[in-house]
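Enquirer: sequence first, then the predicted structure, then my questions.
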Amino acid sequence: MSFITFTEEEMKELERNPYVRKVSEKAITYTYEFKKHFIEEHLRGKLPSQILREAGFDPKMLGKARVDSIGKRYRKMAERPEGLCDTRKGSSGRPRTKDLTPEEQIQRLKHKIKY
């Protein structure tokens with residue numbers, strides 16, 4: 001994450017961009033369409049700053065760290081089985097480290113039904 005924070009005016013400007021899904025003072029969430037567009041343009045040989053500029057973003061406002069990392073992050077995402085989809089909602093919580101005994105499974109299911 002970049003150390004650059006956005007002002008209220010910058011956040012409003014970013015929200016007007018059709019490729020932005022959500023903006024906070026510290027982060028931008030881009031749409032799936034933008035991620036797909038970015039990868040396609042990058043495969044054609046364009047640089048991240050050029051792609052962002054053509055998509056209506058100001059690379060100077062975003063900051064060098066954000067511009068540099070977006071290409072790395074989206075290339076890595078494109079290689080995943082899930083692709084460019086946002087996987088944060090489906091994988092929340094701490095993963096289990098041990099298998100449950102049948103008694104523990106029954107107890108959890110009873111609790112779930114009661115809840």
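Expert: Received it, and whenever you're ready, just let me know what you need.
Enquirer: where does pLDDT dip in this protein?
Expert: Along the chain, the model assigns pLDDT under 70 to residues 1-2, 86-93, 95, 97.
Enquirer: for it, what spans make up the helices?
Expert: 8-16, 32-43, 48-54, 59-62, 64-79, 102-114 (DSSP state H).
Enquirer: columns distance to residue 94 on top of those, output as JSON lines?
Expert: Backbone N, C-alpha and C define where each C-beta goes, glycine included. Formatted as JSON lines, the helices of the chain follow (distance: least, CB to CB, whole Å):
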{"stretch": "helix 8-16", "distance to residue 94": "32"}
{"stretch": "helix 32-43", "distance to residue 94": "27"}
{"stretch": "helix 48-54", "distance to residue 94": "34"}
{"stretch": "helix 59-62", "distance to residue 94": "33"}
{"stretch": "helix 64-79", "distance to residue 94": "23"}
{"stretch": "helix 102-114", "distance to residue 94": "15"}
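Enquirer: out of the ones you listed, which is closest to residue 25?
Expert: Residue 25 lies closest to helix 8-16 among the helices of the chain, at 6.6 Å (CB to CB).
Enquirer: next up, the contacts around the nearest residue to residue 31 once chain neighbours are set aside.
Expert: With CB to CB, 6 or more residues apart in numbering as the measure, residue 21 is the residue that lies nearest to residue 31, at 5.0 Å, once sequence neighbours are left out. With contact taken as CB atoms under 8 Å, 6 or more residues apart in numbering, residue 21 is in contact with 29, 30, 31.
Enquirer: state the number of residues packed around residue 115.
Expert: 5 (other CB atoms under 10 Å).
Enquirer: and it, how far from residue 23?
Expert: Distance, residue 115 to residue 23, by CB to CB, to the nearest Å: 35 Å.
Enquirer: contacts only, for residue 82.
Expert: By CB under 8 Å, 6+ apart, the contact list for residue 82 is empty.
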